[in-house]
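> Give me a 3D structure for the following:
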Amino acid sequence: MRSIRFIAASLLACAAVPLWGQTFGPPISGMCLLSRASAIGASRVGQSMQAQIKQMQAMLKGELAQRRAVADQQRRALEAQRNATAPIEYQRQLAALDQQARVLEQQQNARYIAAQAKGQQQIDQTLGEALTRVITRKACSAILERDQSYGWNNQMDITGEVANEMDVILKTVAIQ
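Modelled structure (predicted):
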């Protein structure tokens, strides 16, 4: 019984140790590991995109709030004239207001998606260039996604070098 408790306590202690702090075996020559998400997140260009996307979201949200306020005002004016307007005309005008709101949201969604795609394209191109430079320098024969590994030798991880190289290539994105 004591040995089971000891084994269980040992397993729990091992499970609590983060994998990124451990080094598993010797490095394998020519095999490199990359965390694409971490490289982008650590690079200035990735941080630039995140900041610009947040700014754009705030701007679009503000524009949408202003236009919704105008639409709500128009809806209240229409509601005030409901008794003086023919039912079919009232329904037509109400449908037109609803359509305007849908079109506005679709336009803003399209602007947001286009901006994201433009920024992502710049990041992907920068990542590709940085990866090519680091792969050549490190003589990588195979690159595996680090985030899909259970453990690795830290000498095989090229994520930081790729992020640094991305900073050299491009500092900010232009999403608009």
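
> Please make it C-alpha for all contacts and neighbour counts, starting now.
OK.

> What helix or strand is the residue positioned nearest the centre of the chain located in?
Residue closest to the average C-alpha location in the chain (Cα atoms, centre = their mean): residue 50, at 7.2 Å. Element membership of residue 50 [criterion: DSSP states H and E] is helix 44-80.

> and that helix, what does it pack onto?
Contact analysis of helix 44-80 by 3 or more Cα pairs under 8 Å, 6 or more residues apart in numbering; DSSP states H and E lists helix 36-42, helix 87-138, helix 159-169 as its packing neighbours.

> Serialize those to a markdown table and add fields for distance to residue 69.
Supplementary listing: the helices and strands packed on helix 44-80 in a markdown table, determined by distance: least, Cα to Cα, whole Å:
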| stretch | distance to residue 69 |
| --- | --- |
| helix 36-42 | 37 |
| helix 87-138 | 11 |
| helix 159-169 | 42 |
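
> could those helices go into TSV alongside mean neighbour count and mean pLDDT?
Compiled in TSV, those are given as follows (neighbours: other Cα atoms under 10 Å; pLDDT from 0 to 100):
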stretch	mean neighbour count	mean pLDDT
helix 36-42	18	95
helix 87-138	15	91
helix 159-169	20	95
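
> For residue 55, find the nearest of these.
helix 87-138 (11.0 Å; Cα to Cα).

> How much space separates the nearest residue to residue 43 once chain neighbours are set aside from residue 150?
In this structure, residue 43 finds its nearest non-sequential neighbour in residue 163, 4.9 Å apart by Cα to Cα, 6 or more residues apart in numbering. With the distance defined as Cα to Cα, to the nearest Å, residue 163 ends up 22 Å from residue 150.

> can I get the CA coordinates of stretch 126-140 in PDB?
Provided in PDB are the C-alpha atoms of stretch 126-140 (Å, rounded to 0.1, in the frame of the first residue of the first chain):
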ATOM      1  CA  THR A 126       7.700  37.000 -43.000                       C
ATOM      2  CA  LEU A 127       7.600  33.600 -41.200                       C
ATOM      3  CA  GLY A 128       8.500  31.800 -44.400                       C
ATOM      4  CA  GLU A 129      11.500  34.100 -45.000                       C
ATOM      5  CA  ALA A 130      12.700  33.800 -41.400                       C
ATOM      6  CA  LEU A 131      12.300  30.100 -41.400                       C
ATOM      7  CA  THR A 132      14.300  29.700 -44.500                       C
ATOM      8  CA  ARG A 133      17.200  31.700 -43.000                       C
ATOM      9  CA  VAL A 134      17.100  29.800 -39.700                       C
ATOM     10  CA  ILE A 135      16.800  26.400 -41.500                       C
ATOM     11  CA  THR A 136      19.800  27.200 -43.600                       C
ATOM     12  CA  ARG A 137      21.900  28.400 -40.700                       C
ATOM     13  CA  LYS A 138      20.900  25.400 -38.500                       C
ATOM     14  CA  ALA A 139      21.100  22.800 -41.300                       C
ATOM     15  CA  CYS A 140      17.600  21.500 -40.500                       C
END
